[in-house]
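**Q** Here is my input; please provide its structure:
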Amino acid sequence: MKRALAIALVSAQFLLLLALALLPHGALWPVHLAVVFGAIVLAVAGAVFAVLGMLGLGPALTASPIPREHAPLVTTGVYGLVRSPIYTGLMICGLGLVLLGASVWHLVAWLALVLLLAGKARWEERMLVAEHPDYAAYGARAGRFLPGMGRLKP
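**A** Residues are numbered from 1 along each chain as shown. Here you go, the predicted structure:
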């Protein structure tokens, strides 16, 4: 059951990202050069942050929210800033796609992505607390998606 939920969450996450990339362009705001530039900056910054998160995990990296058994707890690099840098990067990148898309559907898809990643992160953190005795202290000092925000209560 746990694996099926993990597969469903990862699949939904990729479908929402695909929707953000492929939804038809809207007209909520004009997409001029400054908007395109801002969207590119957000997309690149989000991608870089997500990749740094992936590289930082090393042997603990998995597409599933279920932590790898006996994998080390990573609290350095971008993980010293936030507990879920890959999810943060996906949200930032998605926001860039919203800027380019300029539609209500882009906003809806992005909000659904944010809610999905927030729920996925909470579930993942419950498993990490059970797996790593030091996770609660780490969570009390590092924000979930943004530095200083969403810290666990000690």
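
**Q** Check this structure for its longest helix and report it.
**A** helix 104-131 (DSSP state H).

**Q** which residue sits closest to the most centrally placed residue in the chain in space, ignoring its chain neighbours?
**A** Central residue of the chain (C-alpha atoms, centre = their mean): Y87, 1.1 Å from the mean position. Spatially, and ignoring its direct neighbours in sequence, Y87 is nearest to L117 (4.3 Å; C-beta to C-beta, 6 or more residues apart in numbering). No exception for glycine: its C-beta is placed from N, CA and C like everyone else's.

**Q** quick one, helices of this protein?
**A** Under DSSP H, the chain gives helices at 2-22, 33-57, 85-101, 104-131, 135-141.

**Q** Check A71 and give its pLDDT.
**A** Looking at A71, its pLDDT is 91.

**Q** any weak-confidence spans in this protein?
**A** For the chain, applying pLDDT under 70 flags no range at all.

**Q** just to revisit the earlier point, could you say what helices and strands the longest helix of the chain packs with?
**A** On a contact count with 3 or more C-beta pairs under 8 Å, 6 or more residues apart in numbering; DSSP states H and E, helix 104-131 meets helix 2-22, helix 85-101, helix 135-141.

**Q** related to what we said a few turns ago, I'd like to know how far the residue nearest to Y87 sits from F14.
**A** 12 Å (C-beta to C-beta, to the nearest Å).

**Q** Which one's more surrounded, the two?
**A** The residue with more neighbours, out of L117 and F14, is L117; 25 against 12, by other C-beta atoms under 10 Å.

**Q** correct me, but that one touches P85?
**A** No: at 11.6 Å, L117 does not count as touching P85 under the criterion of C-beta atoms under 8 Å.

**Q** my read: V98 touches A19, true?
**A** No: V98 lies out of contact with A19 (C-beta under 8 Å); the separation is 11.0 Å.
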